[in-house]
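Undergrad: Got a predicted model here, sequence first, then my questions.
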Amino acid sequence: MARAEAAAGQPLRTRVGPIPSLCLLLALWLCSLTAIAAPRIGVMTMAPGELFWERFGHNAIVVDDPAADTPISYNFGSFDPGEPGFVGRFVRGEMRYALVALPVQQDLETYRQEGRGVRVQWLNLDPAQAQALAAALAENAKPENARYRYDYFLDNCSTRVRDAVDKVLGGRLRSQLSAGSHGNSYRSEATRLTKPALWMWTGFEIGFGPLSDRAISLWEEAYVPRRLADSLRGIKLADGRPLVSAEQEILPHRIAPEPDESPRAWWPYALAGLAIAAAILWAGRRRPRAVAALALPFWLLCALLGGLLLFLWGFTDHWAGWRNANALLLNPLCLLLLPGAWRLLRGRDAGALFRTALPLVAICAVLALFWYWLPVAPQQNLRWIVLLLPLHLALLSVFRTQRPLAAAG
């Protein structure tokens, strides 16, 4: 066009002197070096294993630095059960975990042997963010910085990965995940993942109190590695690009898959509780000694488990077990029933202590039902109420007018 031409009719050209040209070339060269040197960052997610400490799965951050010989896995799940005081800290809820940095192939070898699948999600971080995250992880992995106070739900190997990525994104991860929820709770996720291990599932079901039952956000749900991986797929950066640029399978999964959600039905427990209670009432009229023989280990189990629930609440930092209404069903007061039950088995009078404690135990079980319906501290323990309450009421009915059982046995 005419305005883009000089008076002589020649195209307008920009003239740059030799020194600015050199500066420009140097700047371009430095930029290219920065882009080349920037590491690639990925979140590696390991599927659950078969041992109890593997049920939740695992994850780590991969730093693939072109300047390094091999990609490095930053793994926040290291602990040493042989260190002094480990058992005591575990019981008190004061465990210490550590971040370790090791070559990816070395980290993967364990999961390869266990048949656990591994996937990696490569993140769309700019060079400055990638370098900042790599530097922060390297600093965190130093022996003097690596250890941290572990919490199953609030500060574990997965939440540490989440927090590291969120920090380099300037809080974008948290802002997008805090507003959403699947309606899950800490309890529902923990029991879902431990269903294949019945003893572990039962322990969580009985041992968790109301603090574990509130609906949690996607941000909080990320304590489970698979949930964090699912959420990362939906994160958008400021420019609209997805956070996850690519995803690939590193190891195939060769064992049972991670359990999915299933209905939390209470009615099978109610049927079992009513059936056992009916059997107790029927046998109480015909074989009261047999009922006393069965009641003795039942009351002993209630006393032991109830004492454990009170210990978790009053003397440990296992906050998920605080204020547990199951202590009204698995009642430590059942300990007072044991001497009387033993005397009944021997054909003797159960004694005044037995006659006082027995209705108290039944009343506490009834209170558990009322407590369930109160909105003060809702706890998802209906299945245990409908199972155990009929048993306590049936035993009260059989033994409330107890007498020596020698003749009736």
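TA: Received it, and whenever you're ready, just let me know what you need.
Undergrad: counting contacts, what elements does the longest helix along the chain pack onto?
TA: Determined from DSSP state H, the single longest helix within the chain is helix 288-315. Helices and strands touching helix 288-315, by 3 or more C-beta pairs under 8 Å, 6 or more residues apart in numbering; DSSP states H and E, are helix 198-207, helix 267-286, helix 337-345, helix 382-399. C-betas here are computed from N, CA, C, even on glycine.
Undergrad: between these, which gets nearest to residue 189?
TA: Of all the helices and strands packed on helix 288-315, it is helix 198-207 that lies closest to residue 189, at 10.0 Å by C-beta to C-beta.
Undergrad: need the next SSE after that closest one, C-terminal direction.
TA: Sequence-wise, the next helix or strand beyond helix 198-207 is helix 218-221, with elements assigned using DSSP states H and E.
Undergrad: Could you export the helix or strand that that following helix is followed by as PDB, keeping only the C-alpha atoms?
TA: Remark: after helix 218-221, the chain's next helix or strand is helix 225-232, criterion DSSP H and E. As requested, the backbone C-alpha atoms of helix 225-232 are provided in PDB (Å, rounded to 0.1, in the frame of the first residue of the first chain):
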ATOM      1  CA  PRO A 225      -5.300 -41.000  44.300                       C
ATOM      2  CA  ARG A 226      -7.800 -42.100  41.700                       C
ATOM      3  CA  ARG A 227     -10.200 -39.200  42.600                       C
ATOM      4  CA  LEU A 228      -7.300 -36.700  42.200                       C
ATOM      5  CA  ALA A 229      -6.500 -38.200  38.800                       C
ATOM      6  CA  ASP A 230     -10.200 -37.900  37.800                       C
ATOM      7  CA  SER A 231     -10.300 -34.300  38.900                       C
ATOM      8  CA  LEU A 232      -7.100 -33.300  37.100                       C
END
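Undergrad: hang on, the earlier thing: report the rounded mean pLDDT for the longest helix of the chain.
TA: In this model, helix 288-315 has a mean pLDDT of 96.
Undergrad: The helices and strands packed on helix 288-315 into TSV, with extra columns for distance to residue 50 and mean neighbour count?
TA: Compiled in TSV, those are given as follows (distance: least, C-beta to C-beta, whole Å; neighbours: other C-beta atoms under 10 Å):
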stretch	distance to residue 50	mean neighbour count
helix 198-207	12	16
helix 267-286	26	15
helix 337-345	38	21
helix 382-399	26	21
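Undergrad: Tabulate these (CSV), appending distance to residue 80.
TA: Below are these laid out as CSV (distance: least, C-beta to C-beta, whole Å):
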stretch, distance to residue 80
helix 198-207, 22
helix 267-286, 40
helix 337-345, 40
helix 382-399, 36
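Undergrad: Tell me where the protein has strands.
TA: Taking DSSP state E as the test, the strands found in the chain are 40-46, 58-64, 72-78, 96-103, 118-123, 147-149, 244-251.
Undergrad: Now do the fourth one and strand 72-78, the angle between them.
TA: Note on geometry: by axes from the mean of the first three to the mean of the last three C-alpha atoms, to 10 degrees, strand 96-103 and strand 72-78 are set 160 degrees apart in direction.
Undergrad: how about strand 96-103: buried residues?
TA: Applying a neighbour-count criterion of 16 or more other C-beta atoms under 10 Å, one finds 96-101 buried in strand 96-103.
Undergrad: Any buried residues in stretch 245-262, and which?
TA: Neighbour-count burial for stretch 245-262 flags 250-251, 253, 258 (criterion: 16+ other C-beta under 10 Å).
Undergrad: what sits up against that stretch?
TA: 44, 47-50, 57, 108, 111-112, 114-124, 184, 188, 192-193, 195-196, 226, 233 (C-beta atoms under 8 Å, 6 or more residues apart in numbering).
Undergrad: residues touching the closest residue to residue 97 other than its chain neighbours, list them.
TA: Excluding the flanking residues, the one nearest residue 97 by C-beta to C-beta, 6 or more residues apart in numbering is residue 150, at 4.2 Å. Residues in contact with residue 150, defined by C-beta under 8 Å, 6+ apart, are 79, 95-97, 156.
Undergrad: just to revisit the earlier point, compare the helices and strands packed on helix 288-315 and give me the one nearest residue 372.
TA: Closest of those to residue 372 is helix 382-399, at 6.0 Å (criterion: C-beta to C-beta).
Undergrad: Send over that closest one as CSV, restricted to the C-alpha atoms.
TA: These are the backbone C-alpha positions of helix 382-399, laid out as CSV (Å, rounded to 0.1, in the frame of the first residue of the first chain):
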residue,chain,number,x,y,z
LEU,A,382,-27.9,-47.2,61.1
ARG,A,383,-26.8,-50.7,60.0
TRP,A,384,-25.2,-51.3,63.4
ILE,A,385,-28.1,-49.9,65.3
VAL,A,386,-30.6,-52.2,63.6
LEU,A,387,-28.3,-55.2,64.1
LEU,A,388,-27.3,-54.7,67.7
LEU,A,389,-30.3,-52.9,69.3
PRO,A,390,-32.6,-56.0,68.9
LEU,A,391,-29.9,-58.2,70.5
HIS,A,392,-29.6,-55.9,73.6
LEU,A,393,-33.4,-55.7,74.0
ALA,A,394,-33.8,-59.5,73.6
LEU,A,395,-31.1,-60.2,76.2
LEU,A,396,-32.8,-57.7,78.6
SER,A,397,-36.1,-59.6,78.1
VAL,A,398,-34.5,-62.9,78.8
PHE,A,399,-32.5,-61.9,81.9
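Undergrad: elements contacting that helix?
TA: Using 3+ C-beta pairs under 8 Å, 6+ apart, helix 382-399 sits against helix 198-207, helix 267-286, helix 288-315, helix 352-373.
Undergrad: Could you rerun that using 6 Å?
TA: With contacts defined as 3 or more C-beta pairs under 6 Å, 6 or more residues apart in numbering; DSSP states H and E, the packing partners of helix 382-399 are helix 267-286, helix 352-373.
Undergrad: sorry, back to before: now for the strands of the chain, which one comes closest to residue 200?
TA: Comparing those by C-beta to C-beta, strand 58-64 comes nearest, at 16.5 Å.
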